[in-house]
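Q: Sequence and predicted structure below; questions after.
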Amino acid sequence: MSNQEYVRLGIDFGGSGIKGALIDTRTGELTTERHRIQTPEPSTTFAVAQTIKHIAEHFNYQGRIGLAMPAPVQAGIVQKAANIDKSWIGTDVPALLKEATGCETTVINDADAAGLAEMRFGHGKDLRGVGLMVTVGSGLGTALFTNGVLLPNTELGHLHYKNKIAEKWASDATRKKEDLSWKKWAKRFGKYLHHLEKLFYPELIIIGGGASKKFEKYESYLHKVKTRVLPAYLQNHAGIIGAAVEAIEIQQETAPAEDPEHDPA
Ligand code: BGC
């Protein structure tokens, strides 16, 4: 394979921005600047597919896209829409994007994508035992790993905690909406992490999403949490990188079906 054959377009569909970059999937490095377009309001399937088309065109890209989706996804089909337009529920994302962009797409939950990137290239590299990624943004996303292997779609941001859905109580969107100080918000977030550590006993918790860049503002208020907590090494790029990695790996797994030249005999 030439260097170019390891490069995939990773796209992260977030609450405020849809971001894409070309990624060298062997190293996790961005080979281009990140291109960001504001998430359309409402974030319907049609509007977002058009945005993704613009991103693919921006990079003049025709290969397989890796998309990190802020929702649980089973075999390419969106299962729930907590923070995105309801038109996504039941959508076959690869089919939608094939029509919009002409490209094949691999779709993965956004927290799973970010966690995958951290396990490969970030703080989770060489981690043995259980690793937990928690992304903090419009919602709370989670990804659970054991010895680097992902259990997809864990959705622990939707756990009920103190009679509320956890992400409605401790997300970054809630911090902004309720105008909470970092200290007040971090007390909530710390309790949530403590609840998770009592359920899963992780060796390491990695914080992703926009809040990974602000870690020093709340780190000292997380003292209730016994597990080591680190901000994502790849910061807010983790989702894009993980989506691109997933795209190349799925492509390699399905190579016989996609490559008519390939003879398994
Ligand atoms: C969604 C998750 C997603 C998280 C972060 C939640 O509302 O249900 O699938 O990972 O937000 O975007």
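A: Cool, got the structure.

Q: so who does the residue in the stretch 151-265 of the chain that the ligand sits nearest to touch?
A: Residue of the stretch 151-265 of the chain nearest the ligand, by Cβ to the nearest ligand atom: residue 157 (5.0 Å). C-beta coordinates here come from the backbone N, C-alpha and C atoms, glycine included. Residue 157 makes contact with 134, 139, 140, 141, 142, 165, 166, 167, 171, according to Cβ atoms under 8 Å, 6 or more residues apart in numbering.

Q: hmm, 6 Å instead?
A: 139, 140, 141, 142, 166, 167 (Cβ atoms under 6 Å, 6 or more residues apart in numbering).

Q: again with residue 66
A: By Cβ under 6 Å, 6+ apart, the contact list for residue 66 reads 8, 10, 106, 243, 244, 246, 247.

Q: quick one, phi/psi of the residue of the stretch 151-265 of the chain closest to the ligand?
A: Here is the backbone geometry of residue 157 (degrees, to the nearest 10): phi -70, psi -10.

Q: Next: residue 11.
A: The phi/psi pair for residue 11 (degrees, to the nearest 10) is phi -130, psi 140.

Q: Could you report the neighbour count for the residue nearest to it when sequence neighbours are not counted?
A: Excluding its sequence neighbours, the residue lying closest to residue 11 (Cβ to Cβ, 6 or more residues apart in numbering) is residue 20, at 4.2 Å. By other Cβ atoms under 10 Å, 29 other residues sit near residue 20.

Q: Am I right that residue 173 is in contact with residue 140?
A: No - counting by Cβ atoms under 6 Å, residue 140 is not a contact partner of residue 173; they are 9.6 Å apart.

Q: Take the contacts of residue 66 and keep only those in strands.
A: Mapping the contacts of residue 66 onto strands (DSSP state E) picks out 8, 10, 106.

Q: Can you get me a residue count around the residue lying closest to the second one once chain neighbours are set aside?
A: Across the structure, with Cβ to Cβ, 6+ apart as the measure, the residue nearest residue 10 apart from its sequence neighbours is residue 244 (3.3 Å). Residue crowding around residue 244 was assessed by other Cβ under 10 Å; the count is 33.

Q: Verify the contact between residue 244 and residue 24 for me.
A: No - here residue 244 lies out of contact with residue 24, judged by Cβ under 6 Å, at a distance of 8.6 Å.

Q: Pretty sure residue 35 sits against residue 57.
A: No - applying Cβ under 6 Å, one finds residue 35 not in contact with residue 57, separated by 10.1 Å.

Q: in the stretch 51-200 of the chain, which spans are strands?
A: In the stretch 51-200 of the chain, the strands defined using DSSP state E, counting those that start in this stretch lie at 65-69, 73-74, 77-78, 105-109, 130-136, 140-146, 149-151, 160-161, 164-165.

Q: hmm, stretch 220-237 in reach of the ligand?
A: No - Stretch 220-237 lies apart from the ligand when judged by Cβ under 6 Å from any ligand atom; the minimum separation is 12.5 Å.
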